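J.: Attaching a predicted model along with its sequence, questions to come.
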Amino acid sequence: MLTQPVEAMSATSLIQLIWLASPALPVGGFSYSEGLEAAVELAGVATESIAADWLDDQLHLTLARSDLAVIAQAIAAWRQDQSARIRQLNDWVLQTRETSELRAQTEQMGRSLLAWLGNHEGANARHIQTCAELPPTYPVAFALAASQTGASVRDCLLAYAFGWAENMVQAALKSVPLGQSSGQRILARLGKRIPAAVEAAMQLPDSERQAFSPMLAILSSQHETQYSRLFRS
């Protein structure tokens, strides 16, 4: 269970977190829909309100209970130099990706973020080597990058969740499809819900962390053979 006092963030830490959360970060997040594209075709996600509900559920039922919870623990482990704990968390992410597409996504984005971090000023070379030997999943690689910002765990999770929300809203705009105003309304709704998801993730012990989302897994499996696709997952 992780709790931290609220502290003022330095300008440098804030900029680093904005950078990590940016859709422009060269990790390929824009090329994945995480099952949303299949949901549009097969599960009736055809309007702004349904897409907003879908992403809201995904935020709380999958992201908060798995990736965000892993990142919270992994940031602490990186900062305390606990390599065995890092490997345990990384293995958990790989073992709970329920389709080959979702596993390929976390592996590719993890490798790409680690490559970016290797060229980043002030990166810890020993930690990068440890991460490369895993090989890293995206949550664990993100935790490594975030751990070096000096920001609180809570702020790191807020940045990750908002970056995820921006990518998923863009996926909704392209696949439903929706207009930019619809996208901004969905993003505003998710923005209001993210703090609660982050707080829940920070309180989640290992025994309650989970990635059980059968409908999403089924849709992801169907996306593997979908006739016409815009996204890689």
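T.: It's in. Keep in mind it's a predicted model, so treat the numbers as computed, not measured.

J.: Helix, strand, or coil at the residue nearest the centre of the chain?
T.: Here the mean C-alpha position of the chain is nearest to the C-alpha of Trp164 (C-alpha atoms, centre = their mean), at a distance of 5.4 Å. Assigned with DSSP: H, G, I helix; E, B strand; the rest coil, Trp164 falls in the helix class.

J.: Same question for the one 4 residues further on.
T.: Following three-state DSSP, we place Met168 in the helix state.

J.: For the residue lying farthest from the centre of the chain, give its distance to Ala39.
T.: The outermost residue of the chain relative to its centre, with distances by C-alpha atoms, centre = their mean, is Tyr227 at 26.7 Å. Between Tyr227 and Ala39 the computed distance is 15 Å (C-beta to C-beta, to the nearest Å). In this view, the C-beta of every residue, glycine as well, is placed from N, C-alpha and C.

J.: And Met215, by the same measure?
T.: 9 Å.

J.: show me where this protein has strands.
T.: Taking DSSP state E, the chain contains no strands at all.

J.: Okay, helices next: where are they in it?
T.: Using DSSP state H, the helices of the chain run over 11-21, 36-42, 48-58, 67-79, 83-95, 100-118, 125-132, 138-147, 153-175, 180-202, 214-223.

J.: Low-confidence regions, this protein specifically.
T.: 1-7 (pLDDT under 70).

J.: before we move on, back to that, my read is that the residue nearest to the centre of the chain contacts Ser66, right?
T.: No - counting by C-beta atoms under 8 Å, Trp164 stays clear of Ser66, with 11.7 Å between them.

J.: what about the residue farthest from the centre of the chain, distance to Thr137?
T.: Counting by C-beta to C-beta - Tyr227 and Thr137 are separated by 30 Å.

J.: swap in Glu208?
T.: Distance, Glu208 to Thr137, using C-beta to C-beta: 20 Å.

J.: again with Ala217
T.: 17 Å.

J.: quick one: which of the two has more around it?
T.: Thr137 (28 against 16; other C-beta atoms under 10 Å).

J.: any idea how far the more buried one is from Leu25?
T.: 16 Å.

J.: out of Met215 and Ala39, which sits in the busier spot?
T.: Neighbour totals were compared for Met215 and Ala39, and Ala39 leads with 26 against 12 (other C-beta under 10 Å).

J.: just checking, the more buried one touches Trp54?
T.: Yes - counting by C-beta under 8 Å, Trp54 is a contact partner of Ala39 at 6.2 Å.

J.: so what's in contact with those two at the same time?
T.: Val45 (C-beta atoms under 8 Å, 6 or more residues apart in numbering).

J.: what sits up against stretch 195-214?
T.: 1-3, 58-66, 68-73, 92, 96-98, 153-154, 157-158, 161.

J.: likewise stretch 52-59?
T.: 34, 36, 39, 45, 161, 164-165, 168-169, 172, 185-186, 189-190, 193-194, 197, 213, 216.

J.: Quick one: distance of that stretch to the chain centre.
T.: Here the centre of stretch 52-59 is set off from its chain's centre by 14 Å, with C-alpha atoms, centre = their mean, to the nearest Å.

J.: for that stretch, which positions count as buried?
T.: Neighbour-count burial for stretch 52-59, counted by 16 or more other C-beta atoms under 10 Å, picks out 52, 54-56, 58-59.
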